[in-house]
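S.K.: quick one: sequence plus predicted model below, questions after.
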Amino acid sequence: MKAWSVERPGPIERGPLVLGERPDPKPEANEILVQVTYCGVCRTDLHLAEGDLVPHRSSTVPGHEVVGVVVARGAATNRFEVGRRVGIAWLRHTCGVCRFCRRGDENLCLTPRFTGWDADGGFAELTTVDEAFAYALPDGFDDASAGPLLCSGIIGYRALQRAELPEGGRLGIYGFGASAHLVAQMALARDAEVHVFTRAPEARRLALELGATAAGDSDAEPDVPLDSAILFAPVGHLVPVAMRALDRGGTLAIAGIHLSDIPAMNYDAELFQERQMRSVTANTRADGEALLALAESVPLRPTVTTYGFERVDEALRDVAADRLTGAAVVSVGGS
């Protein structure tokens, strides 16, 4: 099969991803083999390609917003028939026995495995996954639109929960890419007032088209204090900016897996009055199921730019340069 793999982690302009041939994967007893139709492009894929996230194995295939069709099954599988459309997300294994798994926080598992980091992902014609970590996808989304739901949507959903947005409250969103434009729709469906802060003019236009109350530059001050905020941009100096924008008792959720250093903060201006700051770590399978149900009921409408399979590296360069509005998806075997 054809696949893109990270051979030399480094700046995306230097070509860390290489397209080549590799043997078709074979499913283990508990796995399904999936023929990939589309795979979303996430900023985490960029962090993996550039080495911001230390490689867990060599020559790994990135891509963890995978949509495809089951073409073979392991001997112990029973959830999905051959021919069934499924989704594969970032979280692909948890131990089930550590104290975090036992209390229901499998996103904090001590020995997790992730698609495209610990095992090959979806920038390939075929991939495998434990069927317990695969998702049935809503019928209302075609393959291209379903892809971004599987990380951008799921992580955005968890970030919104972590931000504790009150019903009808004011939400600030810092950075407005694939995940953020889905979160804005989730918040608007809850009658929230959405304020967007991003350096990209086209992203600001999309935010206003979706129904945001205001859209300004990434370090702009909102006209009103915010009840909650989510930081999607992996830029540490925006943390105190967002904290200053919060009202008393407000919460900032930091949604990225990677963040540049946070500068020193002023306690009185940026933390006092019970303002709080939280990170967001991966997701649980329950988060994924809840997001997919919500996506169908709202309904969410991903804005997507599609790239051919031969252009995966170009898609990641566009992500790095903030040239995208909404989400990027790669057509692997789709039409």
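M.R.: Looks like it came in fine.

S.K.: domain assignment for this structure?
M.R.: 2-152+283-331, 154-279 (automatic domain parsing).

S.K.: how far does the shortest one sit from the chain's center?
M.R.: Read it as domain 154-279. In terms of CA atoms, centre = their mean, to the nearest Å, the centre of domain 154-279 is set 16 Å apart from its chain centre.

S.K.: hmm, back to that, can I get the domains of the chain in TSV including mean pLDDT?
M.R.: Shown next, in TSV, are the domains of the chain (pLDDT from 0 to 100):
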stretch	mean pLDDT
domain 2-152+283-331	97
domain 154-279	97
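
S.K.: can you give me the helices in the protein?
M.R.: 43-50, 99-102, 143-146, 152-162, 178-189, 201-210, 238-245, 267-270, 285-297, 312-320 (DSSP state H).

S.K.: so which of those helices gets nearest Pro27?
M.R.: Pro27 sits nearest to helix 285-297 of all these, at 19.3 Å, using CB to CB. Just so you know, the C-beta spots here come from the backbone N, C-alpha and C atoms, and that holds for glycine as well.

S.K.: for that closest one, name the packing helices and strands.
M.R.: strand 134-136, helix 152-162 (3 or more CB pairs under 8 Å, 6 or more residues apart in numbering; DSSP states H and E).

S.K.: pretty sure Ala214 contacts Glu221?
M.R.: No. Ala214 lies out of contact with Glu221 (CB atoms under 8 Å); the separation is 10.8 Å.

S.K.: just want to know which of those two has more residues nearby.
M.R.: Each of Ala214 and Glu221 has its neighbours counted (other CB atoms under 10 Å); Ala214 has more, 17 against 11.

S.K.: got the contact list for the closest residue to that one other than its chain neighbours?
M.R.: Of all residues not flanking Ala214 in the chain, His195 sits nearest, at 4.9 Å (CB to CB, 6 or more residues apart in numbering). By CB atoms under 8 Å, 6 or more residues apart in numbering, the contact list for His195 reads 170-173, 212-216, 222, 224, 226.

S.K.: which stretch among the helices of the chain comes nearest Gly256?
M.R.: Across the helices of the chain, closest to Gly256 is helix 43-50 (CB to CB), at 7.3 Å.

S.K.: contacts for the closest one next, please.
M.R.: Contacts of helix 43-50 (CB under 8 Å, 6+ apart): 6, 9-12, 16-17, 52-53, 55, 60, 62-64, 90, 116-117, 123, 151, 177-178, 234, 256-258, 316, 319-320.

S.K.: next, the angle from that helix to helix 312-320.
M.R.: Counting by axes from the mean of the first three to the mean of the last three CA atoms, to 10 degrees, helix 43-50 lies at 110 degrees to helix 312-320.

S.K.: which parts of helix 43-50 are buried?
M.R.: 43-50 (16 or more other CB atoms under 10 Å).

S.K.: got the angle for that helix vs helix 152-162?
M.R.: Using the same axes, to 10 degrees: helix 43-50 against helix 152-162 is 110 degrees.

S.K.: CA atoms only for helix 43-50 - export them in CSV, please.
M.R.: The C-alpha coordinates for helix 43-50 follow below in CSV (Å, rounded to 0.1, in the frame of the first residue of the first chain):
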residue,chain,number,x,y,z
ARG,A,43,-2.1,20.4,14.0
THR,A,44,-1.0,17.4,16.1
ASP,A,45,0.1,15.8,12.8
LEU,A,46,2.3,18.8,12.3
HIS,A,47,3.8,18.6,15.8
LEU,A,48,4.6,14.9,15.1
ALA,A,49,6.2,15.7,11.7
GLU,A,50,8.3,18.5,13.1
